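S.K.: here are the coordinates; sequence isn't available:
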């Protein structure tokens, strides 16, 4: 049959020539290869001393963003929870009361917002689904814990602090709000 | 008996013992480093600068492990097995001439523990005993994998000792003596045996790999087929002794190859020096040669995959022994012609 790919190779079982039967030339060739590798530069990154630089779009621990006035962006629309293939996100919505305008950007907000980091597969679909630029994945790594419950991150761990905002300017899904 | 001689020999024995152990320990470190380099890794680098304290950490680990003897094992044989392995690999160093004579405290000190007239015979005797350590250990473990490893070890060692012996006879014929000192002195300067007997050198080298159970001939302890080989049931420092004896054997056989083929402590231009300078230089040169061979041993180990058992036997009996014998025959004929045996026919 005509070969569809160019990967086909005819298997040869012709008897070895004398030089091949000696084995030594082949062994020397192999030793040349290993010797070359001995002199090559090591590819290892020595972790605790040297930390590998992540790409700006690395998908690590989530952050719930605040806007420029320090109000929470999230309106508890639930699109992230719907988009999430691992069903890691749960939330409870609540209405903004009088006097809370400085805390929440719109009339509805998430009273409770939880991500189970053991379920999360860090696909970034929540970030993509969010219409309010509220949730982003960052280049921070979820630390290890001893208890399963400790991996359920509430708003205390997810919402960024006002003093130390998390830089997300290099993410892909920014600028959704201003487009409208 | 001369007290000075006793002290001199005792000190020499102690130094050689410590050097053998130290080199064996650092061979494990270097082996891991070299394996890492060949595989583009870094290797152990956490214990001390560049990881040079790694052998000490390994040793401490070995001592702290539980010393376990299986229920059905033959207890005494199980205990003396690693002892024999270690003992035989250490006593070979007695006949090795480490350098030219040293003059210290008005005495001429020979840098050799014992200058036997039959040095090579002693060497082969000890090599034959060394298989007992493995065989006894594998037998006493009462484990099929251990026994397989031990059987493989003994059949392999017996097969390769023949070719090794025949190639050693070639060197003996060339030197006209069984004493290692004489063999080394015959190769004065750059007059090394490897230039006269390259085929013999290759055969001897391959056999040394097999005798020390190094890859590609490490069938007695192949991890993936036999779990661990003859030391499957061993733990703690008993296992440590087996591993250690393997590395000591590698050191000693490197030394023996250097003596038989690369002129031992001889180096070109050695006539320009004399006395203690020459002694120190010769020891350094000898150790450099040993280290080169240790490096080649390891380099081969991390390059070539393991032989299949029938291929191993094929190579030993059908290739190496005939090659060694033909080489022996040709060497004999050439020596006979040079000595003038055939003059009346020509």
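M.R.: Structure received. Only a predicted model underlies this, so the values are computations on that prediction, with no experimental measurement involved.
S.K.: list the contacts for residue B:27?
M.R.: Residue B:27 makes contacts with B:247, B:250-251, B:294, as judged by CB atoms under 8 Å, 6 or more residues apart in numbering or on different chains. In this view, the C-beta of every residue, glycine as well, is placed from N, C-alpha and C.
S.K.: okay, now the unreliable bits of the stretch 51-200 of chain B?
M.R.: Nowhere does the stretch 51-200 of chain B drop to pLDDT under 70.
S.K.: now the strands for it?
M.R.: With DSSP state E, counting those that start in this stretch, the ranges of strands along the stretch 51-200 of chain B come out as B:102-104, B:107-109.
S.K.: pipe the ones you listed into CSV and attach mean neighbour count and distance to residue B:190 per row.
M.R.: Shown next, in CSV, are the strands of the stretch 51-200 of chain B (neighbours: other CB atoms under 10 Å in any protein chain shown; distance: least, CB to CB, whole Å):
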stretch, mean neighbour count, distance to residue B:190
strand B:102-104, 14, 23
strand B:107-109, 14, 26
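S.K.: and chain A, which of these is closest to it?
M.R.: strand B:102-104 (36.3 Å; CB to the nearest CB).
S.K.: now do the SS call for the residue most central in space within chain B.
M.R.: Nearest to the mean C-alpha position of chain B, by CA atoms, centre = their mean, lies residue B:253 at 1.9 Å. Three-state assignment for residue B:253 (DSSP: H, G, I helix; E, B strand; the rest coil): helix.
S.K.: for the helix ranked longest in chain A, which positions count as buried?
M.R.: Assignment by DSSP state H gives helix A:24-39 as the longest helix of chain A. Of the residues in helix A:24-39, A:31, A:34 count as buried by neighbour count, 16 or more other CB atoms under 10 Å in any protein chain shown.
S.K.: stretch B:228-247 now?
M.R.: Of all the residues in stretch B:228-247, those buried under the rule 16+ other CB under 10 Å are B:228-235, B:237-247.
S.K.: quick check: strands, which of those are part of them?
M.R.: Members of those lying in strands (criterion: DSSP state E): none.
S.K.: beta partners of residue A:90?
M.R.: residue A:114 (DSSP bridges).
S.K.: residues of the lengthiest helix in chain B that come out buried?
M.R.: Identified as the longest helix of chain B according to DSSP H is helix B:3-38. Neighbour-count burial for helix B:3-38 flags B:8-9, B:12, B:16, B:20-21, B:23-34, B:36-38 (criterion: 16+ other CB under 10 Å).
S.K.: what's the helix or strand for the residue nearest to residue B:192 when sequence neighbours are not counted?
M.R.: Spatially, and ignoring its direct neighbours in sequence, residue B:192 is nearest to residue B:263 (4.1 Å; CB to CB, 6 or more residues apart in numbering or on different chains). Using DSSP states H and E, residue B:263 is not contained in any helix or strand.
S.K.: contact partners for residue B:263?
M.R.: B:184, B:187-193.
S.K.: residue B:150: which of those is nearest?
M.R.: residue B:193 (34.2 Å; CB to CB).
S.K.: who touches that closest one in this structure?
M.R.: Per CB under 8 Å, 6+ apart, neighbours of residue B:193: B:171, B:174-175, B:183, B:187, B:200-201, B:260-263.
S.K.: can you pick the most crowded of those?
M.R.: Within the contacts of residue B:193, neighbour counts (other CB atoms under 10 Å in any protein chain shown) peak at residue B:260, which reaches 30 neighbours.
S.K.: that one touches residue B:171, doesn't it?
M.R.: Yes: applying CB atoms under 8 Å, one finds residue B:260 in contact with residue B:171, separated by 5.2 Å.
S.K.: shared neighbours of those two, anything?
M.R.: With CB under 8 Å, 6+ apart, residue B:260 and residue B:171 have common neighbours B:183, B:193.
S.K.: skip the chain neighbours and tell me the closest residue to residue B:193.
M.R.: residue B:261 (4.9 Å).
S.K.: tell me the contacts of that neighbour?
M.R.: Going by CB under 8 Å, 6+ apart, residue B:261 touches B:171, B:192-194, B:197, B:200-201, B:204.
S.K.: so which of those comes closest to residue B:107?
M.R.: residue B:192 (30.3 Å).
S.K.: number of nearby residues for that closest one?
M.R.: Every residue meeting other CB under 10 Å relative to residue B:192 is counted, giving 21.
S.K.: stretch A:68-81: which residues count as buried?
M.R.: Buried residues in stretch A:68-81, counted by 16+ other CB under 10 Å: A:71-77, A:79-81.
S.K.: actually stretch B:309-318, not the one I typed
M.R.: Going by 16+ other CB under 10 Å, stretch B:309-318 has these buried residues: B:312, B:315-316.
S.K.: could you pull up the residues touching the closest residue to chain A within the stretch 201-346 of chain B?
M.R.: Closest to chain A within the stretch 201-346 of chain B is residue B:303: 4.5 Å, counting by CB to the nearest CB. Residues in contact with residue B:303 (CB under 8 Å, 6+ apart) are A:27, A:30-31, A:33-34, B:38.
S.K.: contacting residues for residue B:114?
M.R.: B:94-95.
S.K.: any low-confidence regions in chain A?
M.R.: Per-residue confidence for chain A (pLDDT under 70) gives these ranges: A:1, A:178-180.
S.K.: how about the residues of it near chain B?
M.R.: A:24, A:27, A:30-31, A:33-35, A:37-38, A:40, A:42-44, A:46 (CB under 8 Å from any CB of the partner chain).
S.K.: can you lay out these as a markdown table showing distance to residue A:151?
M.R.: Formatted as a markdown table, the residues of chain A next to chain B follow (distance: CB to CB, whole Å):
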| residue | distance to residue A:151 |
| --- | --- |
| A:24 | 58 |
| A:27 | 52 |
| A:30 | 48 |
| A:31 | 50 |
| A:33 | 46 |
| A:34 | 44 |
| A:35 | 48 |
| A:37 | 41 |
| A:38 | 43 |
| A:40 | 40 |
| A:42 | 35 |
| A:43 | 32 |
| A:44 | 30 |
| A:46 | 28 |
